[in-house]
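A.B. asks: Okay, structure incoming, though there's no sequence with it:
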């Protein structure tokens, strides 16, 4: 369970950092290199990142009780991978912007999957 706790904490910190980096169009532009035209959509994205980061932090804080949610976290990461790949294939993202989050999501998904409790 300790390994699962660590993986979930790393995922939580990653999401919280993403949430902070998407708080404003200028910050998002400096971090990701994209000009954001709709600050409202960006705030919704930021709230999802921050909110999910807090949920993961809580799960990690009691991984013995909530460790069964690890599979759902892996599915959430897989959804992110699929959307990153779709965006990259459609030319919405460059390799510079897609590869790092893809690698992070795949590594986190693998780590959490391998550390999840087995029934």
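C.D. replies: Yep, that arrived. Please read all numbers here as calculations on a predicted model, not as lab measurements. Numbers count the residues shown, from 1 in each chain.
A.B. asks: in whatever helix or strand residue 5 lives in, what's buried?
C.D. replies: Using DSSP states H and E, residue 5 sits within helix 2-21. Within helix 2-21, the residues scored as buried using 16 or more other Cβ atoms under 10 Å are 4-5, 7-12, 14-16, 18-19. All C-beta spots, glycine's among them, are computed from the backbone N, C-alpha and C.
A.B. asks: Please apply the same query to stretch 73-91.
C.D. replies: Buried-residue list, stretch 73-91, by 16+ other Cβ under 10 Å: 73-74, 76-77, 80-81, 84, 88.
A.B. asks: and if you look at stretch 40-52?
C.D. replies: Those would be 42, 45-46, 49-50, 52, for stretch 40-52 by 16+ other Cβ under 10 Å.
A.B. asks: Spell out the secondary structure type for residue 91.
C.D. replies: coil (DSSP: H, G, I helix; E, B strand; the rest coil).
A.B. asks: and it, how far is that from residue 42?
C.D. replies: The gap separating residue 91 from residue 42 is 20 Å, by Cβ to Cβ, to the nearest Å.
A.B. asks: Residue nearest the middle of the chain, spatially speaking?
C.D. replies: Centroid check for the chain by Cα atoms, centre = their mean gives residue 15 as the closest residue, at 4.7 Å.
A.B. asks: How about that residue: what's its closest non-neighbour residue?
C.D. replies: The shortest distance from residue 15 to any non-neighbouring residue, by Cβ to Cβ, 6 or more residues apart in numbering, is to residue 53 (3.5 Å).
A.B. asks: quick one: the helix or strand harbouring that neighbour to helix 2-21, angle?
C.D. replies: Counting by DSSP H and E, the element that carries residue 53 is helix 39-61. Between helix 39-61 and helix 2-21, the angle comes out at 160 degrees (axes from the mean of the first three to the mean of the last three Cα atoms, to 10 degrees).
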